[in-house]
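J.: I would like the atomic coordinates for the input below:
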Amino acid sequence: MPLLENGRLVPDDWTTLDADAPLPATGPVIVPLSRLEEGLARPHGEKLGVAIPQDAEIDTLRTALPRLSLVAVTFPIFRDGRAFSQARALREHLHFTGEIRATGKPLPDQYEFLLRCGVSTVDLPPGSEPEVWARAHTRFRTAYQPSVLGERAEGVTLRRLLG
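T.: Next up is the predicted model:
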């Protein structure tokens with residue numbers, strides 16, 4: 001599937017494994033959360049990513065994060081926004097600096113929100129038009145919620161008043 005970063009298509013060098021696929025000895029690989037321990041047994045120089053389900057507690061990754069280059073958060077349906085919270089928690093609370101990839105079924109209208117929550121790449125859903133996603137990246141310039149990107153939110157927000 002096409003991979004979008006900062007509104008542009010980029011090559012995807014990662015191999016995503018399912019629960020039964022053999023773990024390659026080399027190369028960037030994304031393992032399901034259930035196989036994280038197996039992935040961590042790979043040599044330290046090999047890039048490792050983990051795909052987490054929408055109901056996973058982010059804190060369970062705390063000890064593994066120094067070894068992870070990528071965390072994939074999942075949008076099983078566009079209405080399920082738990083992956084937004086997971087991405088934001090990875091950046092703000094666990095200080096993860098690696099790639100956060102949105103997978104599943106996010107919508108182009110959600111692209112700016114994804115970026116503001118800390119997502120760096122989006123694995124575009126089947127049938128998506130990359131041009132629509134790229135336009136969504138430049139369409140909205142005003143946001144009311146705080147951002148992990150260091151951007152200033154517009155308007156008065158309760159969080160800013162309390163902060």
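
J.: switch to C-alpha atoms for all contacts and neighbour counts from now on
T.: OK.

J.: dump the residue contacts of the closest residue to residue 98 other than its chain neighbours.
T.: Computed as Cα to Cα, 6 or more residues apart in numbering, the closest residue to residue 98 that is not its neighbour in sequence is residue 69, at 5.0 Å. With contact taken as Cα atoms under 8 Å, 6 or more residues apart in numbering, residue 69 is in contact with 47-49, 98-99.

J.: For those residues, give me CSV that also has distance to residue 15, secondary structure and pLDDT.
T.: Below are the contacts of residue 69 laid out as CSV (distance: Cα to Cα, whole Å; DSSP: H, G, I helix; E, B strand; the rest coil; pLDDT from 0 to 100):
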residue, distance to residue 15, secondary structure, pLDDT
47, 11, coil, 97
48, 10, strand, 97
49, 9, strand, 98
98, 17, coil, 97
99, 14, strand, 98
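
J.: Which of these ranks first by neighbour count?
T.: Counting neighbours by other Cα atoms under 10 Å, residue 49 leads the contacts of residue 69 with 28 neighbours.

J.: Quickly note the distance from that residue to residue 86.
T.: Residue 49 is 15 Å from residue 86, where distance means Cα to Cα, to the nearest Å.

J.: Next, the contact list for residue 22, please.
T.: Contacts of residue 22 (Cα under 8 Å, 6+ apart): none.

J.: low pLDDT regions in this structure?
T.: The model of the chain has pLDDT under 70 over residues 1, 137, 139-163.

J.: now the strands for it?
T.: Taking DSSP state E, the strands of the chain run over residues 3-5, 8-10, 15-16, 29-32, 48-52, 70-75, 99-104, 121-123.

J.: show me where the protein has helices.
T.: 36-40, 82-92, 111-116, 130-139, 158-162 (DSSP state H).

J.: what about residue 123, how many residues close to it?
T.: Neighbour count for residue 123, taken as other Cα under 10 Å: 20.

J.: bridging residues for it?
T.: Per DSSP bridges, the residues bridged to residue 123 are residue 3.

J.: That one reaches residue 105, doesn't it?
T.: No. Counting by Cα atoms under 8 Å, residue 123 sits too far from residue 105 to count as a contact (9.1 Å).

J.: Can you tell me how far residue 62 is from residue 71?
T.: Distance from residue 62 to residue 71, counting by Cα to Cα: 12 Å.

J.: Those two: who's more crowded?
T.: Set residue 62 next to residue 71 and count neighbours by other Cα under 10 Å: residue 71 wins out with 26 against 13.
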